[in-house]
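*Asks:* fold the following, please.
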Amino acid sequence: MNRDLLDRLVWWGGERVGIKVGVRHGGDTDQSDRVKQSRDPPQMLITTPETLQAILAGKRLREHLTKLRWIIVDEIHEFAEDKRGTQLALTLERIKWLIGRKPQIIGLSATVGSPEEVAKFLVGDDDECDIVQSSIVREMKMDVLHPEPTKEDEEMAKNVYLYPDAVARLRVIKDLVSNNGATIVFVNTRSMAELLMYRFTMLGYDSVGIHHSSLSKVSRITTERAFKDGKLKAVIATSSLELGIDIGHVDFVIQYLSPHQVIRLVQRIGRSGHRLDKVPRGGVVITEDLNDTLEAVAIINRAKSGGLLEATQIPDKPYDVLVHQIVSLLMIKNRWTIDELYDLIRRAYPYRKLSIEELKGVLRFMSEVLNPRLAYFIEDEGVVLKPSGVRARREMYKYFFDQMSMIPDEKHYLVINQANEEPLECLMRHSSLSMGGSPALSSCLEAVFGFCRRSLVTQSTWHLLRTLLAQYHRGSVRRYPYRLRWRRMLVVLRRR
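*Replies:* As a prediction, this is how the structure comes out:
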């Protein structure tokens, strides 16, 4: 998302208006670029909540922030409902305190279920905010399809070891793509994206790509460019393409299985005809059973009626975020009174109901329970101090940078195609496939095949997996009392 915004803003601001635009995003920004930004900051900086924490930790960059006038938070609905947003809300209050005034803060979103509450989340509990809602009613065209298998589908299913219903859904998707042009096929999970991609490959459907957050940066950029250049007719994607990444003109959008939320459906359908003078043509939800169909119909009816988006659920004073932000404040100033901390923290909307006793309890935990301590709390004097010991300070800084992200930490393993050295995918450490006697076994095995077809595996392993799936469909495989882990697959991939 950062590189996409950078390309657009450079095109508009840098080349036509003369505004210097830069991006700062964790490990993606070279050390030389960081040094240049600290010495000569851009007029407009694109960053993330996590990287903003690191920026505020640097003395020179904090000095540059005194000239800050505007803060724009894009896709505010994505932040409001998780701890990343809570961290951002506290960080915005820290910025106001640092520069001694209130910059104008602007939040952008096309799908906010609770505008008033999200506005408070954006500017703080005590500040006023104007809400501007577009008066242009976009007439979205949406429909629900539950494909029924034909005799041709049944014959095809026997040849490729799939259920006839699955083949029917794939056939309908292929026909929709052929009739409507550039199409995004949205799914709800990464595993479903892999499974759907594999099934298209099995049926010989070309010109289809895949895009999700676990794929390497190189793979995602390659898919985006191929779709934009017209080399791909369709892209199977998760929420990674929801938020407006520039992949060229999108003619049609298909939602594979119910999206479960009105907000998600509206966001995804809006990718087609993504201009004010265009009506989103894509609104087809492909369902697999009766429950899925009924849910999809209800969601579409709510979306068409307007104003029935799900309410935004903002996290209520999470303590782990609070501990991290107190540490960040101690890195800026060595001594705080309890009243100073309380006043600053309570201005952030997620902590508006935080009591002074709750804050003292968190400070006691940081001072007395943790070893080494993250803060030194003198309760009788109502003072919070930065730890004085060398080891304690080193651990405090280590904690701050290690816990800077509120995204759950998961270990990933990079899988590389040895034929062309192209990064294919990142697999989570504890990802596993349950091998049980349910129909889900077929989908699990096909997901494994989808992974293996793009990698290099031994011929014997490939034959074993295909035989296993064939036996399952013939009914000779009923139960597997073990779990096949992705890590074992990685071991197989290293053997040639």
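*Asks:* rest of the way, CA atoms for contacts and neighbours
*Replies:* Will do.
*Asks:* residue furthest from the geometric center of the protein?
*Replies:* D380 (44.3 Å; CA atoms, centre = their mean).
*Asks:* tell me the phi and psi of it?
*Replies:* The phi and psi values for D380, taken as degrees, to the nearest 10, are phi -60, psi -30.
*Asks:* return the per-residue confidence for it.
*Replies:* You'll see D380 listed with a pLDDT of 91.
*Asks:* which stretches of this protein have low pLDDT?
*Replies:* 1-5, 13-15, 26-30, 134-139, 243-246, 273-282, 306-308, 407-496 (pLDDT under 70).
*Asks:* and the strands in the stretch 251-400 of the chain, which stretches?
*Replies:* 252-256, 284-286, 335-337, 376-378, 383-385 (DSSP state E, counting those that start in this stretch).
*Asks:* out of those, nearest to Y205?
*Replies:* Counting by CA to CA, Y205 lies closest to strand 252-256 out of the strands of the stretch 251-400 of the chain; the figure is 16.4 Å.
*Asks:* list the neighbouring strands of that closest one plus their orientation.
*Replies:* Within its sheet, strand 252-256 is paired with strand 183-186 (parallel), strand 284-286 (parallel), according to DSSP bridges.
*Asks:* ranking those strands by burial, who's on top?
*Replies:* strand 183-186 (a mean of 27; mean count of other CA atoms under 10 Å).
*Asks:* who's in contact with it?
*Replies:* Residues from elsewhere that reach strand 183-186 (CA atoms under 8 Å, 6 or more residues apart in numbering): 177, 233-239, 250-256, 268.
*Asks:* quick one: which of those residues is most hemmed in?
*Replies:* V253 (30 neighbours; other CA atoms under 10 Å).
*Asks:* for the helix or strand harbouring V235, packing partners?
*Replies:* Taking DSSP states H and E as the criterion, V235 maps to strand 234-237. If you count contacts as 3 or more CA pairs under 8 Å, 6 or more residues apart in numbering; DSSP states H and E, strand 234-237 packs onto strand 183-186, helix 190-202, strand 208-211, helix 217-228.
*Asks:* pipe the strands paired with strand 252-256 into JSON lines and attach distance to T66 per row.
*Replies:* Converted to JSON lines, these look like this (distance: least, CA to CA, whole Å):
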{"stretch": "strand 183-186", "distance to T66": "43"}
{"stretch": "strand 284-286", "distance to T66": "49"}
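*Asks:* rewinding a little: between which two of the contacts of strand 183-186 is the distance greatest?
*Replies:* The widest separation within these (CA to CA) is 19.7 Å, between V177 and S239.
*Asks:* hang on, the earlier thing: out of the strands of the stretch 251-400 of the chain, nearest to G22?
*Replies:* Comparing the strands of the stretch 251-400 of the chain under CA to CA, the one sitting nearest is strand 252-256, at 32.3 Å.
*Asks:* which among the helices and strands packed on strand 234-237 is found nearest to Y319?
*Replies:* Per CA to CA, nearest to Y319 of these: helix 190-202, 30.3 Å.
*Asks:* next one: the closest one to chain centre, how far?
*Replies:* In terms of CA atoms, centre = their mean, to the nearest Å, the centre of helix 190-202 is found 20 Å from the chain centre.
*Asks:* so which elements touch it?
*Replies:* Going by 3+ CA pairs under 8 Å, 6+ apart, helix 190-202 lies up against strand 208-211, strand 234-237, helix 440-453.
*Asks:* just the buried positions in that helix, please.
*Replies:* For helix 190-202, the neighbour count (16 or more other CA atoms under 10 Å) marks R190, S191, M192, A193, E194, L195, L196, M197, Y198, R199, F200, M202 as buried.
*Asks:* from the residues you listed, which is closest to L354?
*Replies:* R190 (37.1 Å).
*Asks:* with respect to M331, which of the strands paired with strand 252-256 lies nearest?
*Replies:* Using CA to CA, the strands paired with strand 252-256 put strand 183-186 closest to M331, at 43.2 Å.
*Asks:* and that closest one, how far from the chain's centre?
*Replies:* 17 Å.
*Asks:* sweet, I'm off.
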